[in-house]
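>>> Sequence first, then the predicted structure, then my questions.
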Amino acid sequence: MVQENQDDLNKDMLLPPIQQNRPALSWEMKIKKKLKTVPPCLGKFRPTVGQCCHQCTPDSLRKKLGQTSPLGFHNLLNVNETNTRFRGWLVRRVCCVLFVSGCKVYASPASNRLERVCQSNSTKEMLSSQHHNMKHPEGGDRRGELHRLSPFLPLVNTCISSSLLRFIGWAMLKIFASMFDSIQVNLNHLSALHGASQEGSPLIYVYVRQSIMDCALISLVLFCHSLRVPYTLCPLQINSSFLRSVLQKVGVIVMQPSTLTEHDAETDGLYSLVMTFLMSELLHEGQSISAGVSARSGQGGQWLLHIRQLIKEGSVPDVSLVPVGISYDCIPKTNMQVGLRSVLLWLLSHLWRKPRGSIRIHFAKPFSLKEMTESGRCRVDEWLPLQDLLLPVILNCRTDSVFGQRKMSWLLPSSHYPPELIRERDLSIAIILHLIFSANSCTAVMSTSLVSSLLLYKHPKGVSASVLCRDVAWLTEELLFRNKDVGFGGTLAEVVHSSLSLLAPHLIIAALPGKDPFIVPRPALVATLHLTLQAQILTHTFISEAVGACAVSAMLREVAASGVSSRVRTDGVDGEEVKGDLELDVVLCHSQLTEKALQLCHLLPPGSVAPCQSSQSFALDAVDSLLRCGILIMEEIPRDVPICDFWKNEGLLTWFPTDDPYDSDSDCEEQDLRSYRISQPSQCPDMLFFLCSMLAGHLRTLCWTIARLNHIHSPLSDAEFVAQIHSHLCDRANKTKRHYESCSEEAAHTAVRTLIDLGVLSEERQEGGVFLGVSPLFQLSENRQKLHCFISQYLYN
């Protein structure tokens with residue numbers, strides 16, 4: 001933990017001062033009046049985040065541990081005359097232009113790349129195979145090759161123009177200044193990047209896709225700090241030829257106009273070959289590359305696969321991977337179709353708006369890709385299909401699980417690897433999962449994310465402003481305790497007021513005369529999905545505790561069903577209350593609790609757990625985390641003879657020889673009988689249910705999808721199947737007027753992919769694509785009911 005001065009932190013505070021020159025709404029006045037005496041208790045500490053993995057890349061971790069002095073934060077949009085070499089009245093008005101002109105730019109012209117593509121052996125083999133399959137080949141071989149490669153000429157000739165890059169940088173600073181209050185960057189991370197860029201290995205920036213602005217923000221930060229601007233892999237479809245031409249001259253690698261989706265680009269052999277060659281050329285030139293990956297579909301990981309193949313072949317010595325965490329106060333909407341008219345309308349719409357919200361960008365410490373892949377520390381030997389891990393437990397009612405890691409083969413298309421190289425494919429998937437996990441781990445928690453999670457998971461029926469402030473302070477301490485950075489600072493009143501102002505369209509705020517303002521999440525689809533999207537980073541932070549809490553909830557359901565205990569606060573899938581007299585005075589067995597957590601961790605979305613951590617270790621950590629946060633306490637079982645009784649009847653110790661092969665650390669051969677009791681402090685049940693609610697949306701989506709399977713006439717195409725499931729989820733939520741967090745399109749994709757891995761849905765590859773249908777095993781309603789009961793046991797609402 002790095003301690004900083006409170007004054008310095010408030011100076012670089014993410015949240016802007018509350019505007020006093022505009023008329024405040026009634027609820028704003030009430031909150032200001034209610035919270036004016038709250039002390040400045042936030043922002044005193046900044047955790048050190050983004051360290052390399054100590055298990056997979058210990059050498060990179062050891063090499064990057066030099067920087068210890070705090071350098072603070074830099075607001076990218078705060079450009080004034082101090083950022084230039086000049087001073088004066090005129091300089092203050094053109095300081096942004098002077099600043100951009102003074103930034104160092106690494107130009108990268110394209111020269112004869114298309115010729116080198118044609119001369120490569122892999123390209124000749126690909127074109128030769130296509131030439132024999134064509135009925136009407138073009139003229140000569142040389143002319144035919146150039147003709148077939150001509151659509152890829154703009155792609156191959158992507159370059160970086162110094163003058164155009166400076167102009168785009170100046171325009172982006174002006175545009176972002178009209179949209180956001182600040183863009184904060186940790187200077188300690190930039191110092192590490194400056195050191196890594198001087199070592200010689202090209203830098204590969206990897207981020208988790210959230211918005212269209214992600215790649216632009218990374219390039220802008222590096223440009224403003226005189227670092228090499230990376231070539232950016234853009235997953236969007238650019239319709240305007242003018243925009244494509246401009247972007248390709250500032251290092252943006254866009255998809256072909258004929259390519260409808262990124263999946264089509266991945267499966268096109270010639271396009272993939274040209275991209276591999278382009279990356280090889282860029283890395284040989286020492287250029288940096290920026291790529292985004294999607295945790296839902298795995299899109300973007302294939303380009304990292306090409307880089308790894310280049311290292312394995314020896315054409316590129318090594319690269320340094322840099323996970324990037326980007327936090328938004330309000331995540332901008334992303335449109336996959338970008339045209340000139342839509343861009344102009346989008347810019348005009350922000351000219352008349354006041355800046356709202358802030359952005360925090362964290363660059364993790366660079367680590368060697370070669371070290372991670374060749375050291376053997378990242379193991380994939382225990383990876384098993386999900387159906388092998390869970391189906392014996394679900395269908396055969398076994399109490400013990402099969403040990404192993406869940407295999408997520410869909411993260412990389414099978415066409416990239418032949419069957420004999422399945423381990424290489426799994427290792428590439430492990431790298432993608434590790435990058436997703438690392439990027440999420442170094443992402444800061446914004447104030448809107450913190451308030452959204454409290455309103456969704458702890459106070460879904462509403463909360464007063466004073467109680468919300470108390471919970472914000474408590475949850476901030478919990479985040480800092482878990483070494484998670486926050487993207488805000490200043491007084492608690494400013495933090496709560498600013499976050500409520502940003503979330504106001506999605507909330508119902510009542511301010512009655514003389515009473516504390518009351519805040520309720522708006523019961524609507526758009527509002528709930530927005531709050532859920534903001535709260536995802538909290539779920540990732542507390543994923544270990546959430547899994548442990550759901551395991552406790554599942555055991556309490558069993559106790560309630562057996563009639564041994566009295567009242568159990570738990571609901572069914574649709575909110576049906578489990579009747580009975582509940583008392584939390586029950587004893588939970590350690591082995592059974594760990595088993596529940598182990599089974600649940602296999603159902604988590606990709607990127608929730610680091611692939612270098614075994615499932616057994618994660619399950620044990622989930623139980624231990626409940627001890628640390630006070631939900632569980634160790635139960636002491638009375639015995640006639642203590643477990644660690646070293647004294648014999650005569651009161652003498654018995655010694656054993658050191659070379660005794662039957663020697664043991666303890667003379668007790670009894671089985672581990674550890675057990676736990678639920679703590680009884682006033683806030684413990686609320687904390688337990690708060691953690692359970694974090695995974696309720698994902699689990700409920702799985703339950704609703706399973707219930708819908710008998711009404712779907714399969715087989716259907718992959719896209720059509722997901723569309724029907726998504727429509728059903730929305731209808732289900734609209735019918736009950738709640739649980740809207742379970743009906744997003746991303747939730748539908750994740751649920752369908754999980755059911756495919758479980759063997760509930762079978763994939764059939766036909767001429768028109770991949771078609772999904774219910775497998776024969778789960779066409780039986782009895783097996784679907786067993787699966788439904790297995791998942792719903794963890795569900796608490």
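Here it is on my side, so go on.

>>> Settle this for me: Val97 is touching Ala171, isn't it.
No. Counting by C-beta atoms under 8 Å, no contact exists between Val97 and Ala171, whose distance comes to 11.1 Å. Quick note: C-beta positions are derived from backbone N, CA and C, even for glycine.

>>> So the two - more neighbours on which side?
Counted by other C-beta atoms under 10 Å, Val97 and Ala171 do not tie: Val97 has more neighbours, with 15 against 12.

>>> From Thr84, how far out is the more buried one?
Taking C-beta to C-beta, to the nearest Å as the measure, Val97 falls 9 Å from Thr84.

>>> For Asp520, which residues are in contact?
Let me fix one detail, which is that residue 520 is Val and not Asp. 455, 461-462, 507-510 (C-beta atoms under 8 Å, 6 or more residues apart in numbering).

>>> What strand or helix carries Val536?
Slight slip there: residue 536 is Gln, not Val. Using DSSP states H and E, the element containing Gln536 is helix 525-541.

>>> Averaged pLDDT, that helix. What do you get?
Throughout helix 525-541, pLDDT has a mean value of 94.

>>> Centre of the chain to that helix, how far?
Taking C-alpha atoms, centre = their mean, to the nearest Å, one finds helix 525-541 lying 12 Å from the centre of the chain it belongs to.

>>> Who are the packing partners of it?
Contacts defined by 3 or more C-beta pairs under 8 Å, 6 or more residues apart in numbering; DSSP states H and E place helix 525-541 against helix 422-441, helix 447-453, helix 492-503, strand 518-521, helix 684-708, helix 718-736.

>>> Tell me which residues of that helix come out buried.
Of the residues in helix 525-541, 527-541 count as buried by neighbour count, 16 or more other C-beta atoms under 10 Å.

>>> Nearest to His726 among these?
When the buried residues of helix 525-541 are compared for distance to His726 (C-beta to C-beta), Leu529 wins out at 12.0 Å.

>>> If we ignore the residues flanking it in sequence, what's nearest the closest one?
Once flanking residues are discounted, Leu529 sits nearest to Ser744: 5.3 Å by C-beta to C-beta, 6 or more residues apart in numbering.

>>> mind listing what that neighbour touches?
529, 532-533.

>>> before we move on, the earlier item: pick the most buried one from the helices and strands packed on helix 525-541.
Among these, helix 447-453 has the highest mean neighbour count (mean count of other C-beta atoms under 10 Å), at a mean of 28.

>>> Which strands or helices does that one pack on?
Contacts defined by 3+ C-beta pairs under 8 Å, 6+ apart place helix 447-453 against helix 465-481, helix 492-503, helix 525-541.

>>> from the middle of its chain, how far away would it be?
With C-alpha atoms, centre = their mean, you get 16 Å for helix 447-453.

>>> So what touches that helix?
Defining contact as C-beta under 8 Å, 6+ apart, one finds that helix 447-453 is touched by 14-15, 327, 329-330, 357, 468, 472, 475-476, 479, 486-488, 495-496, 498-500, 502-503, 530-532, 534-539, 694.

>>> related to what we said a few turns ago, Pro323 is nearest to which of the helices and strands packed on helix 447-453?
helix 525-541 (13.3 Å).

>>> Run a quick neighbour tally on Gly773.
As a burial measure, Gly773 scores 17 neighbours (other C-beta under 10 Å).

>>> Run through the neighbouring helices and strands of the host helix or strand of it.
Assigned by DSSP H and E, Gly773 belongs to strand 769-774. Packed against strand 769-774 by the contact rule (3+ C-beta pairs under 8 Å, 6+ apart) you find strand 716-717, helix 718-736, strand 761-766.

>>> Output those in JSON lines, with mean pLDDT and distance to Gly514 appended to each entry.
Output for the helices and strands packed on strand 769-774, formatted as JSON lines (pLDDT from 0 to 100; distance: least, C-beta to C-beta, whole Å):
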{"stretch": "strand 716-717", "mean pLDDT": "89", "distance to Gly514": "58"}
{"stretch": "helix 718-736", "mean pLDDT": "92", "distance to Gly514": "35"}
{"stretch": "strand 761-766", "mean pLDDT": "86", "distance to Gly514": "57"}
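
>>> would you list the ones you listed in a markdown table and tack on distance to Leu345?
Shown next, in a markdown table, are the helices and strands packed on strand 769-774 (distance: least, C-beta to C-beta, whole Å):
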| stretch | distance to Leu345 |
| --- | --- |
| strand 716-717 | 33 |
| helix 718-736 | 28 |
| strand 761-766 | 40 |
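
>>> For Pro151, which of the ones you listed is the nearest?
Per C-beta to C-beta, nearest to Pro151 of the helices and strands packed on strand 769-774: helix 718-736, 25.6 Å.

>>> quick one, the closest one and strand 761-766 angle?
With axes from the mean of the first three to the mean of the last three C-alpha atoms, to 10 degrees defining the directions, helix 718-736 sits at 150 degrees from strand 761-766.

>>> quick one: helix 718-736 to helix 684-708, angle?
For helix 718-736 against helix 684-708, the angle by the same axes, to 10 degrees is 130 degrees.

>>> What residues sit buried inside the helix or strand following helix 718-736?
Counting by DSSP H and E, the next helix or strand C-terminal to helix 718-736 is helix 745-758. Using 16+ other C-beta under 10 Å as the test for burial, helix 745-758 gives 746-758.

>>> how far off helix 684-708 does helix 745-758 point, in degrees?
Orientation of helix 745-758 against helix 684-708 (the same axes, to 10 degrees) gives an angle of 70 degrees.

>>> For helix 745-758, name the packing helices and strands.
helix 386-396, helix 684-708, helix 718-736, strand 761-766.

>>> Determine which of these approaches Leu344 most closely.
Nearest to Leu344, of the helices and strands packed on helix 745-758 and by C-beta to C-beta, is helix 718-736 at 30.7 Å.

>>> so who does Leu709 touch?
760, 774, 778, 784.

>>> what's the spacing between the residue lying closest to Gln248 once chain neighbours are set aside and Ser108?
Among residues not flanking Gln248 along the chain, Thr158 sits closest, at 4.7 Å (C-beta to C-beta, 6+ apart). According to C-beta to C-beta, Thr158 and Ser108 sit 9 Å apart.
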